[in-house]
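Visitor: need a 3D model of the following:
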Amino acid sequence: MKNSVLEVASLLLEKLFFMSNLRLFGSGAAGGEDEKRSGFSEIKSFLRGDVLEVPRTHLTHYGIYLGDNRVAHLMPDILLALTDDKGLTQKVVSNKRLILGVIGKVASIRVDTVEDFAYGADILVNHLDEFLEKKALVNEEVARRAEKRLGMTSYSLLWNNCEHFVTYCRYGTPFSPQADKFCENVKIIIRDQRSVLASAVLGLASIVCLGLASYATIPAIFIPFCLWMVG
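Guide: Numbering: from 1, shown residues only. Below you'll find the model as predicted:
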């Protein structure tokens with residue numbers, strides 16, 4: 001029973017994380033050729049094993065530079081579950097493929113050019129080192145770790161995303177400050193007693209509109225009670 005509750009809670013958190021950051025997938029993911037050429041005058045300064053960071057609207061996408069204008073990054077892609085045709089799956093992942101891949105939890109750690117990885121956005125190099133204040137592994141070891149992980153993988157916004165991949169390669173342990181921050185924000189909301197009042201009001205409204213059916217009354221009582229107990 002405990003495991004089932006944890007699985008449901010994890011699923012709800014992932015869906016909230018996905019919905020709250022949905023704008024990510026539409027921002028900068030379909031830039032023109034002029035956009036793709038911008039921000040790459042420093043490619044020659046990238047070192048094999050560097051962490052490349054591309055800021056988006058709400059989230060940040062990460063990859064490991066492998067040299068020769070190649071970046072390894074974890075990318076959701078629904079086509080991986082639908083076809084084995086490498087000619088199709090090796091093409092740059094479109095917004096629709098990416099979103100459906102997130103929902104389907106299917107992804108791969110793939111290699112793309114720097115231009116395709118960034119879609120014209122500015123690139124930060126090894127910013128995580130300063131932000132996390134962690135000691136990085138030797139760059140060559142970072143690149144080797146990334147190359148060993150290439151191929152199909154499961155995907156989870158909270159437990160196995162692109163940030164988990166690069167932190168594993170760069171620091172030896174997978175973690176995601178972005179996902180941790182989101183979970184902390186959820187905790188703050190849950191602990192706020194106004195959430196209990198709001199959920200209770202919505203529950204009463206659903207009962208008024210839908211009647212005393214079990215699918216309306218059970219959530220109307222259960223959700224405010226849970227929020228009250230954990231608050």
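Visitor: need the helices for the chain, in chain order.
Guide: For the chain, applying DSSP state H gives helices covering 2-20, 33-37, 86-89, 95-104, 114-118, 127-132, 139-148, 162-171, 177-191, 193-210, 214-230.
Visitor: now do the first one, average pLDDT.
Guide: With pLDDT averaged residue by residue, helix 2-20 scores 49.
Visitor: then the second one?
Guide: In this model, helix 33-37 carries a mean pLDDT of 37.
Visitor: by mean pLDDT, show me the worst of the helices of the chain.
Guide: Across the helices of the chain, the lowest-scoring stretch is helix 33-37, with a mean of 37.
Visitor: would you mind measuring the gap between the ends of stretch 157-176?
Guide: Using C-alpha to C-alpha, to the nearest Å, the end-to-end distance of stretch 157-176 comes to 10 Å.
Visitor: got the buried residues for that stretch?
Guide: For stretch 157-176, burial by neighbour count (16 or more other C-beta atoms under 10 Å) applies to 157-158, 160-171, 176. For the C-beta atoms, the positions are set from N, CA and C on the backbone; glycine is no exception.
Visitor: quick one: residues in contact with it.
Guide: Defining contact as C-beta atoms under 8 Å, 6 or more residues apart in numbering, one finds that stretch 157-176 is touched by 10, 13-14, 17-18, 51, 60-64, 73-75, 102, 109, 128-129, 132, 134-137, 142-143, 145-146, 149, 153-155, 177-179, 182-183.
Visitor: and this protein, what are its domains?
Guide: 21-174, 192-230 (automatic domain parsing).
Visitor: can I assume residue 71 is in contact with residue 119?
Guide: No: using C-beta atoms under 8 Å, residue 71 is not in contact with residue 119, being 11.9 Å away.
Visitor: neighbour count: those two, which is higher?
Guide: Neighbour totals were compared for residue 71 and residue 119, and residue 71 leads with 25 against 18 (other C-beta atoms under 10 Å).
Visitor: per-residue pLDDT, that one?
Guide: 97.
Visitor: can you pull up the bridge partners for it?
Guide: Under DSSP bridges, the beta-bridge partners of residue 71 are residue 65, residue 112.
Visitor: how many residues are close by residue 108?
Guide: Around residue 108 there are 22 residues (other C-beta under 10 Å).
Visitor: try the one 5 residues further on
Guide: Summarising burial for residue 113: neighbours were counted as other C-beta under 10 Å, giving 15.
Visitor: how close does it sit to residue 64?
Guide: In this view, residue 113 and residue 64 are 14 Å apart by C-beta to C-beta, to the nearest Å.
Visitor: residue 107 too?
Guide: Plainly put, residue 107 is 15 Å away from residue 64 if you go by C-beta to C-beta.
Visitor: one more: residue 77?
Guide: Remark: distance between residue 77 and residue 64 (C-beta to C-beta) = 18 Å.
Visitor: of these two, who's got more company?
Guide: residue 64 (29 against 24).
Visitor: mind pulling up the pLDDT for that one?
Guide: For residue 64, the model assigns a pLDDT of 97.
Visitor: please name the nearest non-neighbouring residue to it.
Guide: Closest residue in space to residue 64, ignoring its immediate chain neighbours: residue 146 at 4.0 Å, by C-beta to C-beta, 6 or more residues apart in numbering.
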